[in-house]
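Enquirer: Sequence and predicted structure are below.
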Amino acid sequence: MNTLQNYGWNELHQLNWNEQKHDFKSSNCTAGRVILEHKHMYRVITEHGEWLSVCSGSLLHHALDRRDYPAVGDWVAIEQMPGEERGIIHSILPRTSIFSRKTAGDSMSEQLIAVNVDIVFLVTSMNDDFNIRRLERYLVAAFDSGAVPVIVLTKADLSDTPDDFINQARDIAFGTDVLAVSSKTGAGIDQLTTLLKGGKTAALLGSSGVGKSSLVNAICGDQTMTVQTIREDDAKGRHTTTHRELMPLPAGGVLIDTPGMREFQLWNDSEDIEGSFSDIDALSESCKFNDCSHRSEPGCAISQALSNGSLAEDRFASYLKLQREIAYLDRKTDAQAQSAERKRWKALTKSQRK
């Protein structure tokens with residue numbers, strides 16, 4: 001028999017359940033966790049088994065955007081269909097964290113990557129695919145998600161200069177743990193599993209081919225995930241994982257593996273990105289003027305740091321680029337929200353006239 005504790009159920013989720021259970025549309029609801037998402041359907045684990053499930057009509061009716069639908073990692077109130085191994089999801093319990101990105105392309109919509117995650121393993125490999133600017137993006141999103149980021153550098157056994165990669169990651173980490181691991185030799189794997197003790201949930205995030213599937217196998221101690229080799233011409237990996245999936249670990253804890261992301265655009269509703277750029281934030285507080293634009297003002301600490309080399313120009317350029325990107329998202333999403341509200345009131349006015 002499955003126990004929800006094996007899938008991350010804890011006192012906080014129990015408290016949320018107790019506070020909301022009187023609002024559920026059905027008195028026959030039980031708690032479950034979404035472990036796999038299909039198109040319009042979900043696999044949910046409960047104390048009574050695993051059920052292929054759909055959202056109730058009421059949940060669908062009140063859903064306005066992506067966050068109103070279940071995602072892998074969600075805790076839900078679910079009712080079993082009589083005589084079937086199937087369920088109806090009536091409600092989503094409050095989330096403790098949300099890691100998301102803007103959907104690829106021109107669409108201004110959010111894609112949920114992982115929810116209710118305690119730790120985000122930001123995975124990148126120690127080879128030619130290593131990209132410090134991409135890692136900065138992951139850190140910004142991780143800090144904003146509410147989860148604790150941990151940088152995981154894979155393929156340590158294949159690197160001739162592992163310390164170079166570790167030092168580059170630490171230069172932007174600022175308090176974030178940086179762990180070098182090898183799925184082949186097992187080096188560093190115990191450090192990861194130790195972090196998951198106590199029923200913690202972690203998500204593996206990274207681009208294609210950085211070794212996430214091999215890392216899952218190393219943590220689980222079996223061949224849970226299919227592994228593919230990297231392309232020899234550019235050290236980039238072939239895509240293996242095609243969907244988000246939640247799995248309990250033999251030693252305790254829960255892991256969510258995600259598809260590799262070739263493109264990562266921020267979806268950020270926070271006011272700043274200083275969590276990932278604390279060095280630049282600290283410098284700006286030393287500027288002579290509070291409204292310093294860090295261009296040509298006298299007494300600018302950032303300009304001085306750029307001149308003496310204590311702040312790398314490409315890091316500051318990355319900081320400015322991410323700020324512009326978030327400001328653009330704020331403008332677009334605000335305009336989109338205003339448009340949606342106008343349409344909603346227009347539809348409401350029409351229905352009242354009828």
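Expert: Received it, and whenever you're ready, just let me know what you need.
Enquirer: where along the stretch 1-150 of the chain do the strands fall?
Expert: Secondary structure of the stretch 1-150 of the chain, counting by DSSP state E, counting those that start in this stretch: strands at 30-37, 42-46, 49-55, 75-80, 86-92, 98-102, 110-115, 119-125, 148-154.
Enquirer: Tabulate those in CSV, adding columns for distance to residue 320 and mean pLDDT.
Expert: Glycine gets a C-beta too; all of them are placed from N, C-alpha and C. CSV is the format used below for those (distance: least, Cβ to Cβ, whole Å; pLDDT from 0 to 100):
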stretch, distance to residue 320, mean pLDDT
strand 30-37, 36, 94
strand 42-46, 40, 96
strand 49-55, 41, 95
strand 75-80, 39, 96
strand 86-92, 37, 95
strand 98-102, 19, 78
strand 110-115, 24, 83
strand 119-125, 22, 92
strand 148-154, 22, 93
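Enquirer: Next, the distance between the ends of stretch 55-71.
Expert: Distance across stretch 55-71, first residue to last, is 12 Å (Cα to Cα, to the nearest Å).
Enquirer: outside of it, which residues touch it?
Expert: 25, 34, 37, 42, 76, 88-92, 98, 109-112, 114-115, 244, 340 (Cβ atoms under 8 Å, 6 or more residues apart in numbering).
Enquirer: The strands of the stretch 1-150 of the chain into CSV, with extra columns for distance to residue 8?
Expert: Putting these into CSV (distance: least, Cβ to Cβ, whole Å) gives the following:
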stretch, distance to residue 8
strand 30-37, 7
strand 42-46, 10
strand 49-55, 15
strand 75-80, 8
strand 86-92, 15
strand 98-102, 15
strand 110-115, 11
strand 119-125, 11
strand 148-154, 15
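Enquirer: Now render these as CSV, adding mean neighbour count.
Expert: Shown next, in CSV, are the strands of the stretch 1-150 of the chain (neighbours: other Cβ atoms under 10 Å):
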stretch, mean neighbour count
strand 30-37, 22
strand 42-46, 22
strand 49-55, 18
strand 75-80, 24
strand 86-92, 21
strand 98-102, 22
strand 110-115, 22
strand 119-125, 25
strand 148-154, 24
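Enquirer: Compare these and report which one is nearest to residue 191.
Expert: Put simply, out of the strands of the stretch 1-150 of the chain the one that sits nearest residue 191 is strand 148-154, at 9.2 Å, with distance taken as Cβ to Cβ.
Enquirer: orientation of the following helix or strand past that closest one relative to strand 148-154 in degrees?
Expert: Past strand 148-154, further along toward the C-terminus, the next helix or strand under DSSP states H and E is helix 162-173. What separates the directions of helix 162-173 and strand 148-154 is an angle of 160 degrees, with axes from the mean of the first three to the mean of the last three Cα atoms, to 10 degrees.
Enquirer: next one: helix 162-173 to chain centre, how far?
Expert: Computed by Cα atoms, centre = their mean, to the nearest Å, the chain-centroid distance of helix 162-173 equals 22 Å.
Enquirer: Name the residues of that helix that are buried.
Expert: Under the neighbour-count criterion of 16 or more other Cβ atoms under 10 Å, helix 162-173 has 162, 165-166, 168-169, 172-173 buried.
Enquirer: What is the subsequent helix or strand relative to it?
Expert: Downstream of helix 162-173, the first helix or strand assigned by DSSP H and E is strand 177-180.
Enquirer: Partner strands of that next one, with direction?
Expert: strand 148-154 (parallel) (DSSP bridges).
Enquirer: So the spatially most central residue of the chain versus residue 123, what's the distance?
Expert: Taking Cα atoms, centre = their mean, the centroid of the chain lies closest to residue 99, which sits 3.0 Å from it. For residue 99, the distance to residue 123 equals 13 Å [Cβ to Cβ, to the nearest Å].
Enquirer: go on, residue 179?
Expert: Using Cβ to Cβ, one gets 10 Å for the distance from residue 179 to residue 123.
Enquirer: Could you pull out the residues contacting both of those two?
Expert: Residues touching both residue 179 and residue 123 (Cβ under 8 Å, 6+ apart) are residue 152.
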